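Undergrad: Sequence first, then the predicted structure:
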Amino acid sequence: MYDILRQDPEIWDIFQCKEEYTSPIRDKYDRFPYYLSSNRNIFQPVVSEYLSNAGYRPEYPDGQPFAVSLTHDIDNVYCSLPYKGYHFVKSFFNKDIPHCIDTALSMCSRKIPLCNFQEIMAIEEEYGATSSFNFMALAPGDQDYSYDIRDLERELGLISDAGWEVALHGGHKAYCDYDQLVTEKARLEKVLGHRVAGYRNHFLRFRVPDTWQNLAKAGFLYDNTFGYADCLGFRNGMCHPFRPYDLNLGTEIDIVEIPLAIMDVTFEVYMRLDPTRAWEMTRRLIDTVERYNGVLGILWHNNCMKGDKLMLYKKILAYCSEKGAFMNGGKDLVIV
């Protein structure tokens, strides 16, 4: 792949993220945002297009034409009291007595997990898909600590046993602190009972190439943090998994990146898109990735599985299923 990309200096610079090495400006989360990028053709994977024109054709199981990497970042698992109250009233008026009783009992407890993981898996199973659930493994006192991973041992087992994937959702410091990264990884693996292959950092915090180097050193198989929070699209022009290149060292980094193209909160929080416009842009991205036989990276938080956001997620699953896409979490898409 590198030999092909080096033939065009502009394409090679985009692929390497050369501009991110020298930019002195970052946002408040130490991220390189899209609005600073000189590559304004964000919705076109120009590097993957170049590879495709050169004959690059990855293969997916059963000859499927393209793939979708489905992932869920689990930032919160506990229901607030107002949330419980709303669902109690809703269950009561719907005459859903079992759910009504369960919700009433949960209101007596301060900590009842919002464990909708099985519901998410059931939705995906309808479309022949699986996904990756990215759990945080923070300790009390860590920024954004909201649950203890040890409390979710049963849920992690159910996810893993069903054939879905459990990956690490690194905390605020893990993207640039190797010791913190290794600590969180070990904490999750102790509860899960086996090695964790995949990773995404909280708030998409990322440093090129340092984060990739730390992840490779820590033993991760792949990362899927690499995308923009403030815009949909293809950060380094890639819609294919790839091994990053360290411009400082002049060497390949021993980890696979599955680039992220779509994050649920980007639609509303950053791009201010209504549901109709969000779907139009998503459909075009799906069609584009299919054209280049690529992989579409999608992040949908577990607390966004309701209302318009849930309907949009189901639309994505249905559309990709109709097109015959291979829909999976992460580790089965490490094909480079």
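TA: Structure's in. What do you need?
Undergrad: so which helix or strand takes in Thr282?
TA: Counting by DSSP states H and E, the secondary-structure element that holds Thr282 is helix 275-291.
Undergrad: Break the protein into its domains for me.
TA: Domains of the chain are assigned by automatic domain parsing as 2-78+114-333, 79-112.
Undergrad: any idea which of those scores lowest on pLDDT?
TA: Here the domains of the chain differ in mean pLDDT, and the lowest is domain 79-112 at a mean of 54.
Undergrad: rewinding a little: tell me which of the domains of the chain sits most buried.
TA: Among the domains of the chain, ranked by average contacts under mean count of other Cβ atoms under 10 Å, first place goes to domain 2-78+114-333 (a mean of 19). Yep, even glycine has a C-beta here, placed from its N, CA and C like the rest.
Undergrad: the strands in the chain, which residues?
TA: In the chain, the segments counted as strands under DSSP state E are 67-74, 132-135, 165-170, 198-201, 222-223, 245-246, 251-252, 256-257, 262-263, 295-299, 326-328.
Undergrad: Quick one, which of those gets closest to Ile4.
TA: Ranking those by proximity to Ile4 (Cβ to Cβ) places strand 245-246 first, at 12.8 Å.
Undergrad: What strands line up against the closest one, and which way round?
TA: Each strand that strand 245-246 pairs with, and the sense of that pairing, follows from DSSP bridges: strand 251-252 (antiparallel).
Undergrad: What lies in contact with the partner strand?
TA: 2, 243-246 (Cβ atoms under 8 Å, 6 or more residues apart in numbering).
Undergrad: Isn't Glu20 up against Val208?
TA: Yes - at 4.4 Å, Glu20 and Val208 qualify as touching, with contact defined as Cβ atoms under 8 Å.
Undergrad: Pull up the overlap in contacts between those two.
TA: The contact lists of Glu20 and Val208 share Phe32, where a contact means Cβ under 8 Å, 6+ apart.
Undergrad: wait, what's in contact with Ser131?
TA: Contact criterion Cβ under 8 Å, 6+ apart gives 70-72, 120-121, 124, 164-165, 327-329 as the residues in contact with Ser131.
Undergrad: In a markdown table, list those residues along with distance to Leu215.
TA: Formatted as a markdown table, the entries for the contacts of Ser131 read as follows, by distance: Cβ to Cβ, whole Å:
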| residue | distance to Leu215 |
| --- | --- |
| Leu70 | 20 |
| Thr71 | 16 |
| His72 | 19 |
| Ile120 | 25 |
| Met121 | 26 |
| Glu124 | 26 |
| Trp164 | 21 |
| Glu165 | 16 |
| Met327 | 24 |
| Asn328 | 20 |
| Gly329 | 17 |
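Undergrad: contact partners of stretch 328-336?
TA: Under the criterion Cβ under 8 Å, 6+ apart, residues 1, 58-61, 67-71, 129-132, 164-165, 167, 197-198, 221-222, 224, 240-243, 256, 258, 295, 326 lie in contact with stretch 328-336.
Undergrad: now Gly170: how far from Asp177?
TA: Gly170 sits at a distance of 9 Å from Asp177 (criterion: Cβ to Cβ, to the nearest Å).
Undergrad: again, but for Leu138
TA: Using Cβ to Cβ, we find Leu138 at a distance of 13 Å from Asp177.
Undergrad: Next: Gly324.
TA: Counting by Cβ to Cβ, the separation of Gly324 from Asp177 is 42 Å.
Undergrad: and Ser52, what does it touch?
TA: Ser52 makes contact with 292-293, according to Cβ under 8 Å, 6+ apart.
Undergrad: Wait, Leu317 touches Gly128, no?
TA: No - under the criterion of Cβ under 8 Å, Leu317 lies out of contact with Gly128, with a separation of 9.0 Å.
Undergrad: Tell me how far Asp264 lies from Gly198.
TA: For Asp264, the distance to Gly198 under the criterion Cβ to Cβ works out to 18 Å.
Undergrad: List the residues that contact the closest residue in space to Lys173 that isn't next to it in sequence.
TA: Counting by Cβ to Cβ, 6 or more residues apart in numbering, the nearest residue to Lys173 once its immediate chain neighbours are dropped is Gln180, at 4.7 Å. The neighbours of Gln180, taking Cβ under 8 Å, 6+ apart as the test, are 171, 173-174.
Undergrad: Quick check: the two most widely separated of the contacts of Ser131?
TA: Ile120 and Asn328 (14.3 Å).
Undergrad: For the chain, which segments are assigned as helices?
TA: When secondary structure is read from DSSP state H, the chain shows helices at 2-5, 9-16, 18-22, 46-53, 81-93, 97-106, 117-126, 153-161, 178-192, 210-218, 264-265, 275-291, 307-322.
Undergrad: Those: which one's closest to Phe203?
TA: Nearest to Phe203, of all those, is helix 264-265, at 10.2 Å by Cβ to Cβ.
Undergrad: Please list the outside residues in contact with the closest one.
TA: Counting by Cβ under 8 Å, 6+ apart, helix 264-265 makes contact with 229, 299-301, 304, 309, 312-313, all of which sit outside it.
Undergrad: Centroid-nearest residue for this protein?
TA: Residue closest to the mean C-alpha point of the chain, counted by Cα atoms, centre = their mean, is Leu299 at 3.9 Å.
Undergrad: No more questions from me, cheers.
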